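>>> next come a sequence and a model predicted from it.
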Amino acid sequence: MSDQSLEIWKNLKQSQLRYEYYIIGLAAALFAYLGSSFKPEALSVSQNSFELLSLIALFFTVVTGLFRLENDLSAQATKLEQQNAQSRLDVLNKVSMCSGRVNNVDAGEELNKEDVEKQQQRLKEFIASANEGLKILNNRTIWYLRVRNFSLFFGFFFLVVSKLISFFNVLNAV
């Protein structure tokens, strides 16, 4: 990855995290505000029932947003480990092509071909399993994003409906 691509990726990731924190913070603040003034009543087609639905949807927004952040951090850590393993594998591939003795600079010992081949195999298996893990994490992240977006939409929708019901109740009372 070139330096420019890395900087673009860092800026994109930073913007994505800021947006995620903003959405979670907004939903949490709205949840706290609605929750502080919520008074339970019997379920019916009333302002209170729609506020309850809004609270539930906003709760799901916050929870799935936090799960999405956690999942995203796990994916980043896995990707970093995978890239480190790929770098070590690239070095081992170069070492395996060399003839003669090769010294392990980290441990200060001589590497033989069998050890290099075993390390190469372990790294290849790790990289393959990391790819599978990243696919699972990415699918889960997308699912959390969809659930978060839908629950945020429904949280606002039910809040607007509750305020409209309150408005129409006031109009009917007059």
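That came in fine, so what should we check first? Residues are numbered from 1 along each chain as shown.
>>> ranges for the helices of the protein?
3-37, 47-97, 113-173 (DSSP state H).
>>> mind putting the ones you listed into TSV with mean neighbour count and mean pLDDT?
C-betas here are computed from N, CA, C, even on glycine. Converted to TSV, those look like this (neighbours: other Cβ atoms under 10 Å; pLDDT from 0 to 100):
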stretch	mean neighbour count	mean pLDDT
helix 3-37	12	89
helix 47-97	17	90
helix 113-173	15	90
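>>> okay, the nearest residue to Leu89 once chain neighbours are set aside and Lys94: tell me how far apart.
With Cβ to Cβ, 6 or more residues apart in numbering as the measure, Leu123 is the residue that lies nearest to Leu89, at 4.3 Å, once sequence neighbours are left out. Here Leu123 is placed at a distance of 13 Å from Lys94 (Cβ to Cβ, to the nearest Å).
>>> with Phe153 instead?
53 Å.
>>> Gln82 too?
19 Å.
>>> what does Leu26 give?
Distance from Leu26 to Lys94, by Cβ to Cβ: 51 Å.
>>> cool, and Gln16?
36 Å.
>>> with Arg88 instead?
11 Å.
>>> sorry, back to before: ok, now which ones touch the residue nearest to Leu89?
Ala85, Gln86, Arg88, Leu89, Leu92 (Cβ atoms under 8 Å, 6 or more residues apart in numbering).
>>> reformat these as TSV; add distance to Val147.
Converted to TSV, these look like this (distance: Cβ to Cβ, whole Å):
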residue	distance to Val147
Ala85	32
Gln86	33
Arg88	37
Leu89	37
Leu92	42
